[in-house]
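Undergrad: here are the coordinates; sequence isn't available:
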């Protein structure tokens, strides 16, 4: 099941999908990726994801030798060969096999299918817990493969019962989660950070949807104190869709905050998102 | 030549040295490494490098299931199987094959031999050119595989004729290069940054050597203006040894500076380093 993957022009069995250890992703963490869902055999927002993937590749000076139409065709073929239905696809473009161990050349391109998975229903009903964590992603507009901090702090999240981090920059602005964006609701307005974050595709469509629903939107910096004083808070990504944040846990530097239960704006957005999707 | 590598308990031909694409280095840039030289079949400072490798692994919560004696034995066997002589060895420990694409498990351990290489003699005689670049390595004490910024700015270095970057933090302190440490000479003192840098093995031994030579040493922050006003500047690493910096190029934010030729302290240290090695 989901046994077919794509690597540099060939459809292979997943077991055969290997890279030589001289690849710059392995030696130097150098690569970009993107990830999107497919439902009933149809990829979701694939042109948005392909465009972002291309921008990420350009940001790391990695040539992506596939047109949008070719990417689209690989996606369709992969979904078809893996039996359609629901799932996810990850594009990966690495620095390639570097002769000197440092200079990128001939990137390796991968497209990998994944089984459909989603956070437990519990977190949509009761909301999730986030941990405020001082960190700034490097090259925040680029979806690089650098998840060192996000992975490194997983044990710290578990210790306090949090599912996700919220990264706080050194000026006290809350930027994003490790694999998600976030927004708050305050005085009837939906407020979403926009500077120095990864511009999420789900974030984009959620804001568009909210605007269509007549919700007023502000895209600007959000301070930690604003988050802690917010009426509601939402975390969003391709995998999560829109999910309520109902607990904010902090290290020593911040105060905790519990929202009780998901608020009306969040519930309205979640409903609308299901229909929109 | 140098055809034998080590992967998870087995000595393999280099061509056969592959990782499955589900490895967390490929998907999430998650891994640590170390690199050291061997000369005439003898590894240089291997216990220092093994100790740092272990600390890096601990920093990313990656279990390293090899004792120091086992690492040492792998190194000796690798050098022996590859015909001795001069070269380099890289240890790599990755996040392993993650079932969920995010949670590390059973790290993959690699030891890879490399042909001996060294910067051209020219740069030791005339000195190298560095480019000041605003950047702070994440987790600076850990030798992770994250070299995204160092690799990404290679074209920018080439454009201004620089061989290496010097990373300047947001407070204007010059910390380190991408794969090297640096120090300055001022009023007869050797001044080396120590906070928020990778603690280089060559840096450590160079400072020890300088102390034995009666040179007075300060380990502390170095500002950009101090660097620009320094009498001499040195870049150092396992691959480079000690190399004079004779040109400092900047973006718009800093001033340029040329030192003319390598200074007396640098030449003395380079001589002593050759003998010490």
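TA: Looks like it came in fine. These figures come from a predicted structure and were not determined experimentally.

Undergrad: How about the contacts made by residue A:199?
TA: Residues counted as contacts of residue A:199 (Cβ atoms under 8 Å, 6 or more residues apart in numbering or on different chains) are A:52, A:141. Heads up, the C-betas are built off the backbone N, CA and C, glycines and all.

Undergrad: now it: how far from chain B?
TA: Separation of residue A:199 from chain B (Cβ to the nearest Cβ, to the nearest Å) stands at 18 Å.

Undergrad: Could you look up the SS state of the spatially most central residue of chain A?
TA: Chain A has residue A:179 as the residue nearest its centroid, 3.9 Å off, counting by Cα atoms, centre = their mean. Here residue A:179 takes the coil state, with states given by DSSP: H, G, I helix; E, B strand; the rest coil.

Undergrad: I figured it was touching residue A:236, is that so?
TA: No. If you go by Cβ atoms under 8 Å, residue A:179 and residue A:236 don't touch, sitting 10.6 Å apart.

Undergrad: Low-confidence stretches in the stretch 1-150 of chain A?
TA: Along the stretch 1-150 of chain A, the model assigns pLDDT under 70 to residues A:1.

Undergrad: err, the stretch 151-277 of chain A, not the other one
TA: Within the stretch 151-277 of chain A, the stretches with pLDDT under 70 are A:252-255.

Undergrad: all strands for it, in order.
TA: Along the stretch 151-277 of chain A, counting by DSSP state E, counting those that start in this stretch, strands occupy A:164-168, A:174-176, A:181-186, A:189-192, A:216-219, A:232-237, A:241-249, A:257-258.

Undergrad: And for the longest one, what's in contact with it?
TA: Spelled out, that is strand A:241-249. Contact with strand A:241-249 is made by A:119, A:123-124, A:126-132, A:160-162, A:166, A:182, A:202, A:206, A:227-228, A:232-236, A:254, A:256-263, A:266-267, A:269-270, A:273-274, A:277, as judged by Cβ under 8 Å, 6+ apart.

Undergrad: let's see it at 6 Å
TA: Outside of strand A:241-249, the residues within contact range by Cβ atoms under 6 Å, 6 or more residues apart in numbering or on different chains are A:123-124, A:127-131, A:160, A:162, A:206, A:233-236, A:256-259, A:262, A:266, A:269-270, A:273.

Undergrad: Just the buried subset of those, please.
TA: Buried by 16 or more other Cβ atoms under 10 Å in any protein chain shown: A:123-124, A:127-131, A:162, A:206, A:233-236, A:257, A:259, A:262, A:266, A:269-270, A:273, out of the contacts of strand A:241-249.

Undergrad: now the helices for the stretch 1-150 of chain A?
TA: Along the stretch 1-150 of chain A, counting by DSSP state H, counting those that start in this stretch, helices occupy A:24-28, A:46-59, A:68-81, A:121-126, A:148-152.

Undergrad: So which residues on the stretch 1-150 of chain A come close to chain B?
TA: Taking Cβ under 6 Å from any Cβ of the partner chain as the contact definition, the stretch 1-150 of chain A meets chain B at A:17-18, A:20-21, A:25-26, A:28-30, A:60, A:110, A:144-148.

Undergrad: So which of those belong to strands?
TA: Residues of those located in strands (DSSP state E): A:18, A:20, A:110.

Undergrad: Please render those as CSV that adds neighbour count to the earlier fields.
TA: Below are those laid out as CSV (neighbours: other Cβ atoms under 10 Å in any protein chain shown):
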residue, neighbour count
A:18, 18
A:20, 15
A:110, 23
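
Undergrad: and those residues as TSV, adding distance to residue A:94?
TA: Listed next are these as TSV, based on distance: Cβ to Cβ, whole Å:
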residue	distance to residue A:94
A:18	12
A:20	11
A:110	8
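
Undergrad: Pick out whichever of these sits closest to chain B.
TA: Of all these, the one sitting nearest chain B is residue A:18; the distance, using Cβ to the nearest Cβ, is 3.8 Å.

Undergrad: so the closest one sits right up against residue B:17, yeah?
TA: No. Using Cβ atoms under 6 Å, residue A:18 is not in contact with residue B:17, being 9.6 Å away.

Undergrad: Need the overlap of contacts for those two.
TA: If you check residue A:18 and residue B:17 against Cβ under 6 Å, 6+ apart, no residue is contacted by both.

Undergrad: Need the nearest residue in space to the residue of chain A found nearest chain B, chain neighbours excluded.
TA: Per Cβ to the nearest Cβ, residue A:29 is where chain A lies closest to chain B, at 3.3 Å. Leaving aside its sequence neighbours, residue A:29 sits nearest to residue B:29 (Cβ to Cβ, 6 or more residues apart in numbering or on different chains; 3.3 Å).

Undergrad: and if you look at residue A:258?
TA: That would be residue A:247: by Cβ to Cβ, 6+ apart, it lies 5.3 Å from residue A:258.

Undergrad: beta partners for the one you found?
TA: Going by DSSP bridges, residue A:247 is paired in beta bridges with residue A:129, residue A:258.

Undergrad: How many residues are close by it?
TA: Other residues within reach of residue A:247, judged by other Cβ atoms under 10 Å in any protein chain shown, total 20.

Undergrad: distance between the ends of stretch A:134-150?
TA: 11 Å (Cα to Cα, to the nearest Å).

Undergrad: tell me the domain ranges of chain A?
TA: A:4-115, A:121-275 (automatic domain parsing).

Undergrad: measure the longest one end to end?
TA: Think domain A:121-275. 17 Å.

Undergrad: Now do stretch A:263-277: distance to the chain's middle.
TA: What separates the centre of stretch A:263-277 from the centre of its chain is 19 Å, taken as Cα atoms, centre = their mean, to the nearest Å.

Undergrad: Okay, buried residues for that stretch please.
TA: A:263, A:265-267, A:269-270, A:272-273.

Undergrad: Make CSV from these and add distance to residue A:139 to it.
TA: Below are the buried residues of stretch A:263-277 laid out as CSV (distance: Cβ to Cβ, whole Å):
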residue, distance to residue A:139
A:263, 34
A:265, 32
A:266, 30
A:267, 35
A:269, 29
A:270, 31
A:272, 32
A:273, 29
